[in-house]
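K.L.:
Sequence first, predicted model second:
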Amino acid sequence: MKNKAIIFLSFLSLLAVNSFAQVGLKKADKQYAKYAYIDATQTYERIAAKGYKSPDMFMKLGNAYYFNAELEKANKWYGELFAMGGEIDSEYYYRYAQTLKSVGDYAKADQMMTQFNQKSGEDLRGKNFVDKKDYMEEIKANSGRYEIADAGINSKYSDYGSAFNGKQVIFASSRDTGNFAQKKHKWSNQYFTGLYSAEMSEEGALTDAKKYAKQINTKYHEASAIFTKDGKTMYFTRNNFNNGKKGKDANRITLLKLYKATFKDSVWSDPVEVSFNSDSYSVAHPSLSPDEKTLYFASDMPGTLGQSDLWKVAINGDSFGTPVNLGPTINTEGKETFPFLTDENELYFSTDGHPGVGGLDIFMAKLKEDGTFKAPLNVGTPANSPQDDFAYLIDTKSRRGFLSSNRDGGQGYDDIYRFLETRKLVCEQVLSGVVTDLETGEVIPGAKVTLMDDKFNKLKEVIADDKGFYDMGEVECGKVYWVRGEQELYETKEQKITISKTDGKTDLPIQLEKKVKPVTVGDDLAKAFGIKIIYFDLDKWNIRPDAALELEKILDVMKQYPTMKIDIRSHTDCRASHKYNERLSDRRAKSTMEWLIKNGVDSGRLSAKGYGENQLVNHCADGVKCSEDEHQANRRSEFIITAL
């Protein structure tokens, strides 16, 4: 009887829990549906504390914290979701992986990402993970380049996003200014943000924070301002609220829009919406190109790959072109946001779609000449943390800047950190060299040089200039390339080169070997095969060591052509008498022939004759003053082919 009573009481207790849960769940689900995530989590957690378990409740609890960037808390509830087992949508493998990174469990996070890739099909986030399974090694290599400190103006509320405007820094803050009418956002339970200004020291510290542009700030969100260099135009983000009217989408949600204001007579004009805004999607976080002709921004407008993508649009005076998605090199099915393009054509942005440390990570992608971007690089720690890191801003001259983060140890919900970059992220290398003749060392103008990747895919082709110099321009550090040199009279040559992993220039000389040229009777054998001229000292006929080296090449050619016959023709300079020079040149011809015979050439293939000073190669005749080098040019032997 006692056991029955215990079972009955337990049953009543379970009924009470379920009854309480059902009532509470209805309330929490309504809060969740209205994006009142703070209220929803409080209700869900009270139900969970009573012992109630539900995959749907754990999913929503995890999401509510995940969407508010409280990843450690989200990790707890996603863990409960996965502990229950059953069929789970692939997106939750991705979100669980992100929250696992926030608590330092990278091994399990990678397991979740492997399963996410298997379940999600063509999702770029899964592909990026598979393509960069060593992403932590890349992040480690890119880390340690920043000295980071509190910016100096953070509050216990949310402070984030910064922009230079002259000597001021403009940022967004939800700090309480004592206004009793100030609204709170149900999503995060934070006050709506407004624009603030601060003075910046040479070391980047911020002071004297105060409200900025009262005519711009409203009772809803203003954030992410950007200014033209002359300080006369401002683009900024605001809720869909203009002229006292609040716009909503089909689900009655007020989204984000971009606005433009003009500074005139020390006052900002009433903001106007940009033409590509819509009540149906958000447009936010503007950034200008260095020439101020292109506006970059984040949006989930039609054509977006994921939760939000980066876009660009041409600025045509007071109007705009058609927005263009930056494409899958940058964008993923995740969230890409807070673009910032430097005057060095480096696009910094935050994303949770590329493999990172956790939450939103800051990445940099180099803008190429054709308008596309190179693969993004994670900027490493400590700029990135296991939490959200975003709104990167840098002065490329001083290498000082700011970023925003909700990392541990901050003052409030989000905080602004100042930094000094001590080493640039991108290793810059250029590849160049000179194309020369392998035998003579002479430069080869007009040679075609082709750059290929390690799979022999053609990347670039250039023509060597009149000094044989070629320049491939910028190449990737640490990468393996193949370089091909070609010229009509030479054998094609390919050589492998590994570019250094540190900044600098890579010099790659290319030495091409002449093809075996077709020769005919009457050709000078030495000229035909690129062999240097055989020279003699003044009043001497012995074979000099440098001449012997060239005669070795003559010998080699005659071995290749066993029926070839040559006539050795030797010469002198103009000094001494004609008769003496005829005898001297004759001795030089015979000395040359004897060397060849001694080294294996049949004497029947050779003839030799001296021509004295009768065939000078320059102006150095009798009575003409010439240098020793000019006279040396005439003291020579030639090898004329007489039979083949």
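P.N.:
Cool, the structure landed. As the structure is a prediction and not an experimental result, all values here were calculated from the model.

K.L.:
pretty sure Lys60 is in contact with Glu45, am I right?
P.N.:
No. Lys60 is beyond contact range of Glu45, at 11.2 Å (criterion: Cβ atoms under 8 Å). Placement of C-beta: from N, CA and C, glycine included.

K.L.:
Give me the more crowded residue out of these two.
P.N.:
Lys60 (23 against 16; other Cβ atoms under 10 Å).

K.L.:
Doesn't the more buried one lie inside a strand?
P.N.:
No. Lys60: not assigned to a strand; according to DSSP: H, G, I helix; E, B strand; the rest coil it is helix.

K.L.:
what pLDDT does it get?
P.N.:
Here, the pLDDT recorded for Lys60 equals 81.

K.L.:
Roughly how far does it sit from Gln98?
P.N.:
As judged by Cβ to Cβ, to the nearest Å, Lys60 and Gln98 stand 17 Å apart.

K.L.:
ok, and what's touching stretch 460-473?
P.N.:
The contact list for stretch 460-473, computed with Cβ atoms under 8 Å, 6 or more residues apart in numbering, reads 430-436, 443-451, 483, 510.

K.L.:
Filter those residues down to the buried ones.
P.N.:
431-436, 443-444, 447-451, 483, 510 (16 or more other Cβ atoms under 10 Å).

K.L.:
Check which residues of stretch 381-395 are buried.
P.N.:
So stretch 381-395, judged by 16+ other Cβ under 10 Å, has buried residues 381-394.

K.L.:
Could you tell me how far that stretch lies from the centre of the chain?
P.N.:
Remark: stretch 381-395 is offset 17 Å from the chain centroid, using Cα atoms, centre = their mean, to the nearest Å.

K.L.:
what about that stretch, how long is it end to end?
P.N.:
19 Å (Cα to Cα, to the nearest Å).

K.L.:
Quick one: mean pLDDT for that stretch?
P.N.:
94.

K.L.:
How about stretch 628-637?
P.N.:
On average, stretch 628-637 scores 90.

K.L.:
residues of that stretch that come out buried?
P.N.:
Glu630, His631, Gln632, Ala633, Asn634, Arg635, Arg636, Ser637.

K.L.:
surely the fourth one meets Asn618?
P.N.:
Pointing back at Ala633 there. Yes. Under the criterion of Cβ under 8 Å, Ala633 makes contact with Asn618 at 5.9 Å.

K.L.:
In this structure, where is pLDDT below threshold?
P.N.:
1-40, 176-190, 241-251, 254, 516-518 (pLDDT under 70).

K.L.:
Report the residue ranges of every domain in it.
P.N.:
Domain ranges of the chain: 2-121, 146-421, 428-512, 525-643, per automatic domain parsing.

K.L.:
In a markdown table: the ones you listed, plus distance to Tyr135.
P.N.:
Putting the domains of the chain into a markdown table (distance: least, Cβ to Cβ, whole Å) gives the following:
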| stretch | distance to Tyr135 |
| --- | --- |
| domain 2-121 | 9 |
| domain 146-421 | 4 |
| domain 428-512 | 16 |
| domain 525-643 | 52 |
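
K.L.:
looking at the ones you listed, which is buried most?
P.N.:
For the domains of the chain, the largest average neighbour count (mean count of other Cβ atoms under 10 Å) is found in domain 146-421, namely a mean of 19.

K.L.:
quick one: the helices in the stretch 251-400 of the chain?
P.N.:
Assigned helices in the stretch 251-400 of the chain: none (criterion: DSSP state H, counting those that start in this stretch).

K.L.:
next one: the stretch 401-550 of the chain
P.N.:
Counting by DSSP H, counting those that start in this stretch, the helices of the stretch 401-550 of the chain are 525-528, 545-560.

K.L.:
separation between Lys132 and Glu122?
P.N.:
Lys132 is 17 Å from Glu122, by Cβ to Cβ.

K.L.:
out of these two, which sits in the busier spot?
P.N.:
Lys132 (16 against 8).

K.L.:
residue contacts, the more buried one?
P.N.:
Glu138, Pro355.

K.L.:
Number the chain from 23, please
P.N.:
In the new count, where the first residue is 23, that last one comes out as Lys154.

K.L.:
Give the bridge partners for Glu508, please.
P.N.:
Lys470 (DSSP bridges).

K.L.:
show me the contacts for it.
P.N.:
Contacts of Glu508 by Cβ under 8 Å, 6+ apart are Ala469, Lys470, Val471, Thr472, Thr514.

K.L.:
let's see 7 Å
P.N.:
Ala469, Lys470, Thr514 (Cβ atoms under 7 Å, 6 or more residues apart in numbering).

K.L.:
Need those residues in TSV (columns: distance to Asn239).
P.N.:
Converted to TSV, the contacts of Glu508 look like this (distance: Cβ to Cβ, whole Å):
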residue	distance to Asn239
Ala469	64
Lys470	62
Thr514	68
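
K.L.:
And those residues, which is closest to Glu160?
P.N.:
Nearest to Glu160 among these is Lys470, at 35.1 Å by Cβ to Cβ.

K.L.:
State the distance from that closest one to Leu534.
P.N.:
11 Å.

K.L.:
cool, Arg658 as well?
P.N.:
Taken as Cβ to Cβ, the span from Arg658 to Leu534 is 26 Å.

K.L.:
Pro404 too?
P.N.:
50 Å.

K.L.:
need the contact list for the residue nearest to Leu425 when sequence neighbours are not counted.
P.N.:
Leaving aside its sequence neighbours, Leu425 sits nearest to Tyr414 (Cβ to Cβ, 6 or more residues apart in numbering; 4.9 Å). By Cβ under 7 Å, 6+ apart, Tyr414 lies in contact with Phe362, Tyr370, Ile384, Gly423, Leu425.

K.L.:
Mind listing the residues bridging to Ala665?
P.N.:
Beta-bridge partners, per DSSP bridges, of Ala665: Lys587.

K.L.:
check contacts around it.
P.N.:
Applying Cβ under 7 Å, 6+ apart, the residues contacting Ala665 are Val543, Met586, Lys587.

K.L.:
quick one, phi psi at the closest residue to the first one other than its chain neighbours?
P.N.:
In space, Val543 comes closest to Ile663 once its chain neighbours are excluded; the distance is 5.5 Å by Cβ to Cβ, 6+ apart. Torsion angles at Ile663 (phi, psi; degrees, to the nearest 10) stand at phi -70, psi 130.

K.L.:
ditto for Glu616
P.N.:
phi -60, psi -40.

K.L.:
how close does it get to Thr364?
P.N.:
From Glu616 to Thr364 the distance is 73 Å (Cβ to Cβ).

K.L.:
Identify, from the contacts of Glu508, the entry nearest to Cys596.
P.N.:
So of the contacts of Glu508, ranked by how close each gets to Cys596 (Cβ to Cβ), first place is Ala469, at 38.6 Å.

K.L.:
if we can go back for a sec, filter the contacts of stretch 482-495 down to the ones in strands?
P.N.:
In this view, the contacts of stretch 482-495 that belong to strands under DSSP state E are 452-458, 470-473, 505, 532.

K.L.:
JSON lines please, covering those residues and showing distance to His307.
P.N.:
Listed next are these as JSON lines, based on distance: Cβ to Cβ, whole Å:
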{"residue": "Val452", "distance to His307": "34"}
{"residue": "Leu453", "distance to His307": "37"}
{"residue": "Ser454", "distance to His307": "40"}
{"residue": "Gly455", "distance to His307": "44"}
{"residue": "Val456", "distance to His307": "48"}
{"residue": "Val457", "distance to His307": "49"}
{"residue": "Thr458", "distance to His307": "53"}
{"residue": "Lys470", "distance to His307": "46"}
{"residue": "Val471", "distance to His307": "43"}
{"residue": "Thr472", "distance to His307": "42"}
{"residue": "Leu473", "distance to His307": "37"}
{"residue": "Val505", "distance to His307": "42"}
{"residue": "Ile532", "distance to His307": "48"}
